[in-house]
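Chemist: here you go, sequence then predicted model.
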Amino acid sequence: MSTHSNVVNTVTKLTIGESAPLNDEGYKAVLKLRNNREMAFFIRRTVKKLGGVIVKERMFKEFVPFYSGIKLGRTYHLLLKEIREKARVPHWWVKLPPPVDGTVLRQMIRPDPWVCDLLPGGDYRITHATFKQPMQACTHN
C-alpha cells in the first residue's frame, strides 16, 4: 500500500485515482498503488464518463479489489467490458444509459476530431461506423 504522499498530486491536490487519465495508461498508474480507495475514485470517474451511476455502494466496494491489485489486477479494457456487462444485470451495482442516449455514443457521432479512449483500437464501432463527414484518425491518450 502506498503512503499518502505518493498518492497525492501535489500541484492540484487531487489523488492519482481522481486525476489519472481514463485510459490504459491511467489505469496502470492507479493499479501500481494497490489501493482500493484510489481505484474506487478511478472506476467512479470511468462510470461517470460512460454516463452511468453507481446504484449499490456495497456491491461496488466488493468489485473494486478485483481491479485495484489487492485481489487481482486486470486491464482497462476488461474494466470497461465488465462495467458494460454488469450494467445489464438487474439489481447490480452499476447502471448505464441505453446506447442510443448514452454519453459515449453522443460524443462519438460528431464531425469534429475526437479522442476515443473508451474504445480499444480496432473496435467494430470504429471500423464499421458511417459518418456524414470524414473523421480524423482516432488517437489514444
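Modeler: Yes, it's here. Numbers count the residues shown, from 1 in each chain.
Chemist: and the strands in this protein?
Modeler: Here the chain has its strands, by DSSP state E, at 53-54, 94-95.
Chemist: list the buried residues in the longest helix that the chain contains.
Modeler: Using DSSP state H to define each element, the chain has its longest helix at helix 36-49. Within helix 36-49, the residues scored as buried using 16 or more other Cβ atoms under 10 Å are 36, 38-47. C-beta: built from backbone N, CA, C; applies to glycine.
Chemist: want to throw the strands of the chain into CSV with distance to Gly17?
Modeler: CSV is the format used below for these (distance: least, Cβ to Cβ, whole Å):
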stretch, distance to Gly17
strand 53-54, 14
strand 94-95, 17
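Chemist: so where's this structure uncertain?
Modeler: For the chain, applying pLDDT under 70 flags the ranges 1-12, 99-141.
Chemist: per the record, what domains does it have?
Modeler: Taking automatic domain parsing as the criterion, the chain consists of the domains 4-95, 107-141.
Chemist: how long is stretch 52-63 from one end to the other?
Modeler: Using Cα to Cα, to the nearest Å, one end of stretch 52-63 lies 16 Å from the other.
Chemist: oh sorry, the question was meant for stretch 80-95
Modeler: One end of stretch 80-95 sits 13 Å from the other (Cα to Cα).
Chemist: ok, residues contacting that stretch?
Modeler: With Cβ atoms under 8 Å, 6 or more residues apart in numbering as the test, stretch 80-95 has contacts from 43, 46-47, 50, 52-57, 59-60, 63, 96, 118.
Chemist: quickly name whichever of those is closest to Ile70.
Modeler: Phe63 (11.5 Å; Cβ to Cβ).
Chemist: I'd like the distance between that closest one and Leu14.
Modeler: From Phe63 across to Leu14, the span is 23 Å (Cβ to Cβ, to the nearest Å).
Chemist: tell me which of the two has more neighbours.
Modeler: Phe63 (22 against 14; other Cβ atoms under 10 Å).
Chemist: nearest spatial neighbour of that one, skipping sequence neighbours?
Modeler: Computed as Cβ to Cβ, 6 or more residues apart in numbering, the closest residue to Phe63 that is not its neighbour in sequence is Trp93, at 6.1 Å.
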